[in-house]
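>>> Sequence unavailable; structure follows:
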């Protein structure tokens, strides 16, 4: 019989489980836009994983990352829809 999992393994499993939950309002146009656009580079994170202020910083950083990766920039309207979605469901 094996002993309990190390704390790092437990933390990793919890983090992975948090990423696999459905997004809030998953069928809404805003959630779909978030999943499609941000999912180009990584699995979408749960909006509750950051505060509204943190999402504002993160979305700005990701716009820069899109440029560095050669992806087309989001329009101002697309960016606002995604940011509104994330901040409305922020933790």
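Nice, thanks for sending it over. Since we're looking at a predicted model, the values are computed, not measured.
>>> Counting by contacts, list what the strand or helix carrying residue 87 packs against.
Using DSSP states H and E, residue 87 sits in helix 76-88. Counting by 3 or more C-beta pairs under 8 Å, 6 or more residues apart in numbering; DSSP states H and E, the packing neighbours recorded for helix 76-88 are helix 29-38, helix 52-68. For glycine as for every other residue, the C-beta is placed from the backbone atoms N, C-alpha and C.
>>> possible to save those helices as CSV with distance to residue 45?
CSV is the format used below for the helices and strands packed on helix 76-88 (distance: least, C-beta to C-beta, whole Å):
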stretch, distance to residue 45
helix 29-38, 8
helix 52-68, 9
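>>> So which of the ones you listed is the most surrounded?
Of the helices and strands packed on helix 76-88, the one with the most neighbours on average (mean count of other C-beta atoms under 10 Å) is helix 29-38, at a mean of 17.
>>> just how off-centre is it within its chain?
Offset of helix 29-38 from its chain centre (C-alpha atoms, centre = their mean, to the nearest Å): 10 Å.
>>> Could you check the angle the helix holding residue 87 makes with helix 52-68?
Counting by axes from the mean of the first three to the mean of the last three C-alpha atoms, to 10 degrees, helix 76-88 lies at 140 degrees to helix 52-68.
>>> coming back round to it: which among the helices and strands packed on helix 76-88 is found nearest to residue 84?
Across the helices and strands packed on helix 76-88, residue 84 has its closest neighbour in helix 29-38 (6.6 Å, C-beta to C-beta).
>>> Can you report how many residues lie near residue 87?
By other C-beta atoms under 10 Å, 17 other residues sit near residue 87.
>>> check contacts around it.
By C-beta atoms under 8 Å, 6 or more residues apart in numbering, the contact list for residue 87 reads 47, 52, 55, 56.
>>> What separation is there between it and residue 47?
As judged by C-beta to C-beta, to the nearest Å, residue 87 and residue 47 stand 8 Å apart.
>>> which neighbours do the two share?
residue 55.
>>> can you count the residues close to residue 50?
For residue 50, using other C-beta under 10 Å, the count is 17.
>>> what does residue 79 give?
Other residues lying near residue 79 total 17 when counted by other C-beta under 10 Å.
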